[in-house]
Each structure stands twice: as C-alpha cells, then as structure tokens.
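>>> sequence and predicted structure below; questions after.
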Amino acid sequence: MEQILVATLWSIGIMLGCTFLGIGIGVGQIGAKVAESVGRNPETKSDVIHSALVVLVILAVFLLLLFGFTFLLLFYNPLIA
C-alpha cells in the first residue's frame, strides 16, 4: 500500500513538473509571436492580442482540470482498496 502511495505521489510530481515546464515554454513562445506580429503589423494589434488571450484562457482551463485530476488521485485514489 505504501508503494502505491509513493508511486502515485512520484507520478503526480512528474506530471505537474512537465506540465509547468510545457506551459512556461508555450506561453513564452505565444508572447514572442504576439510581439513579433504586432511589430510587423501594428494595425492588427487588438485582433492578435484577442486571439492570444483566448488561447491562454483555454490553457488555464486545462491547467485547472489537471489540478482537479491530481487532487482526485491524491484523495480518492482508485488503486487503494
């Protein structure tokens, strides 16, 4: 039973670490491309920023779902019977 808890906590840590690494890289790339596109064509600033914010909101929703999944694994682990 302790091995299951250790494996669960280890995999949750790996999952959250990889998620935050990917989100950090992705948000940085989105910000760089937004700055590049606004620099090339300043007239489309509001459209570009609006599109980027929609993507960031969807990313935040997926992050909240991941937190829900990790709390599900922490407190209602189906492997422990």
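Sure, I can see it. These numbers come from a predicted model, not from an experiment. Numbering: from 1, shown residues only.
>>> switch to C-alpha atoms for all contacts and neighbour counts from now on
Noted.
>>> neighbours of residue 11, how many?
For residue 11, the neighbour count with other Cα atoms under 10 Å is 13.
>>> any idea which helix or strand comes after the helix or strand encompassing it?
Take DSSP states H and E as the rule and residue 11 turns out to sit in helix 2-40. Next helix or strand after helix 2-40 toward the C-terminus (DSSP H and E): helix 45-75.
>>> buried sites along that next one?
48-49, 52, 56, 63, 70, 73 (16 or more other Cα atoms under 10 Å).
>>> so which of the residues you listed is the closest to residue 8?
Proximity of these to residue 8 (Cα to Cα) peaks at residue 73, which lies at 7.4 Å.
>>> could you measure residue 19 against residue 12, distance?
10 Å (Cα to Cα, to the nearest Å).
>>> and residue 27, how many neighbours?
15.
>>> look at residue 81 and report its pLDDT.
On pLDDT, residue 81 comes in at 65.
>>> ok, residue 36 next?
At residue 36, pLDDT is 96.
>>> residues near it, how many?
Neighbour count for residue 36, taken as other Cα under 10 Å: 12.
>>> re earlier: and the angle from the helix holding residue 11 to helix 45-75?
Angle of helix 2-40 versus helix 45-75, following axes from the mean of the first three to the mean of the last three Cα atoms, to 10 degrees, is 180 degrees.
>>> about what we covered before: of the buried residues of helix 45-75, just say which sits nearest to residue 5.
The closest of those to residue 5 turns out to be residue 73 (Cα to Cα; 9.7 Å).
>>> hmm, that closest one is touching residue 7, no?
No - using Cα atoms under 8 Å, residue 73 is not in contact with residue 7; the gap is 11.1 Å.
>>> quick revisit: out of the buried residues of helix 45-75, who's nearest residue 30?
Checking those against residue 30 by Cα to Cα gives residue 52 as the nearest, at 7.0 Å.
>>> quick check: that closest one vs residue 67, distance?
Where residue 67 is concerned, residue 52 sits at a distance of 23 Å (Cα to Cα).
>>> next one: residue 22
On the measure of Cα to Cα, residue 22 and residue 67 end up 15 Å apart.
>>> go on, residue 5?
From residue 5 to residue 67 the distance is 18 Å (Cα to Cα).
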